[in-house]
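>>> got a predicted structure plus its sequence, pasted below:
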Amino acid sequence: MVYECRRRSILQLFSEKPRLNVCAPMVRYSKGAFREVLRDYNVDIAYTPMILADVFRSSEFARQDYTTNDADCPVVVQFAAHDPADLADAACLVAPYADGIDLNCGCPQRWAYKECIGAYLSERPEVVQAMVRAVKSVVSTPCSVKIRKHPTDVAKTIELVRRAEMMGVDWITIHGRTRHQKSTEAVDYETIRLVKDSVSVPVLANGGIFSLRDAEEMYDRTGVDGVMSARGLLQNPALFAGFEHTPLACVEKYVNLALAYGTPTSILHHHVMYMMESTMSSVERRTFNCLSSAPAVVDHLTRFYCIKSTL
């Protein structure tokens, strides 16, 4: 973590802007350089990748993986936990450096379910209630939960969000698919609408947002307060600004920030590959995939797209 910087109130944002654009938590990808680029393209809030609360609280080394600065506001730090004490301790450590603290109740991966975190919690409202209570008792930083729809019973989804609201949760994000569904399957707008209608706190919707048209459909069908995108922003960080494809200026800024912040080459390479996927030919993509160093990536972008490194 880095110095305590000027924070911005997410709750004030909800009151000022009826529709918020949000970058979802993404393992490896929603880190500092990428979050900073998004601020130029109408993203209001960005989440960190999911962080294990018990590891964060016990390891100084693990805490160094999260950095922020004045250009990275507002940012929500997302934790995965199954123990209220672990989550509360992690929240205390990160609160001076974050604008929001989120509890992950939606990660669908099998390892997470076996560890009793992520989507495991979407079926255990009493545990979520206890963890929200624990965070709210120790920090004033706004607290949220990110959930998925229950696999079989919508009523249990509604119970979960109502319990969280009772404990003072400040907003809720609902992914409109179950943990068993593929990302290619349709989003359940009706369940998202029911969640929105069941609580008085703001609700964000996640799932299937790849364009402004997708966002508009989500708003029209659910009435939510904001939309969250993951893969859509990976492919086009400027989607909320109305761009159909990633502008080269966006790629250039990301590359320079990633280099300045010491982003691992593999992550830099993957981000550029996602951003340029619709621009590169299949032959070029094969060539680009073989590049194994940051200088090689920069050289390729300079030669073919006049993108230059300022370092």
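Thanks, I have the structure now. Residues are numbered from 1 along each chain as shown.
>>> in the helix or strand harbouring V128, what's buried?
According to DSSP states H and E, V128 maps onto helix 125-136. Neighbour counts using 16 or more other C-beta atoms under 10 Å place 125, 127-129, 131-136 of helix 125-136 among the buried residues. Quick note: C-beta positions are derived from backbone N, CA and C, even for glycine.
>>> equivalent analysis for stretch 157-169, please.
Going by 16+ other C-beta under 10 Å, stretch 157-169 has these buried residues: 157-161, 163-165, 167, 169.
>>> just the residues contacting it, thanks.
105, 122, 125-126, 128-129, 132-133, 136, 143-145, 147, 149-150, 172, 174, 191, 194-195, 198-201 (C-beta atoms under 8 Å, 6 or more residues apart in numbering).
>>> got the contact list for L87?
Contacts of L87 (C-beta under 8 Å, 6+ apart): 53, 79, 81, 103, 131, 134-135.
>>> try 6 Å this time
Contacts for L87 were tallied using C-beta atoms under 6 Å, 6 or more residues apart in numbering; they are 53, 79, 81, 131, 134.
>>> not counting sequence-adjacent ones, nearest residue to it?
Nearest-residue entry for L87: A81, 4.0 Å, with adjacent residues in sequence omitted and distances by C-beta to C-beta, 6 or more residues apart in numbering.
>>> for C105, see how far away that neighbour is.
10 Å (C-beta to C-beta, to the nearest Å).
>>> could I get the buried residue list for the host helix or strand of V251?
Here V251, judged by DSSP H and E, is contained in helix 248-260. By neighbour count with 16+ other C-beta under 10 Å, helix 248-260 contains the buried residues 250-259.
>>> looking at those residues, which two lie furthest apart in space?
C250 and L259 (15.2 Å; C-beta to C-beta).
>>> what sits up against stretch 237-254?
21, 37-38, 41-43, 211-212, 232, 236, 275, 278, 305, 307.
>>> average model confidence for that stretch?
Stretch 237-254 carries an average pLDDT of 97.
>>> and the end-to-end length of that stretch?
10 Å (C-alpha to C-alpha, to the nearest Å).
>>> same deal with stretch 139-155?
End-to-end distance for stretch 139-155: 30 Å, by C-alpha to C-alpha.
>>> can you check stretch 302-311 too?
End-to-end for stretch 302-311, by C-alpha to C-alpha: 13 Å.
>>> buried ones in that stretch?
Here stretch 302-311 shows 307, 309 as buried, counting by 16+ other C-beta under 10 Å.
>>> measure how far it is from the centre of its chain, please.
On the basis of C-alpha atoms, centre = their mean, to the nearest Å, stretch 302-311 sits 29 Å off its chain's mean C-alpha point.
>>> now what about it, what contacts it?
Against stretch 302-311 from outside (C-beta under 6 Å, 6+ apart): 248, 251-252, 256, 259, 298, 301.
>>> stretch 105-122 too?
Against stretch 105-122 from outside (C-beta under 6 Å, 6+ apart): 80, 82, 104, 127-128, 145-148, 175, 179.
>>> hang on, the earlier thing: distance to S9 and pLDDT added to the buried residues of helix 125-136, as a markdown table?
Supplementary listing: the buried residues of helix 125-136 in a markdown table, determined by distance: C-beta to C-beta, whole Å; pLDDT from 0 to 100:
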| residue | distance to S9 | pLDDT |
| --- | --- | --- |
| P125 | 28 | 92 |
| V127 | 28 | 94 |
| V128 | 24 | 94 |
| Q129 | 25 | 94 |
| M131 | 23 | 96 |
| V132 | 19 | 96 |
| R133 | 22 | 96 |
| A134 | 22 | 97 |
| V135 | 17 | 98 |
| K136 | 16 | 97 |
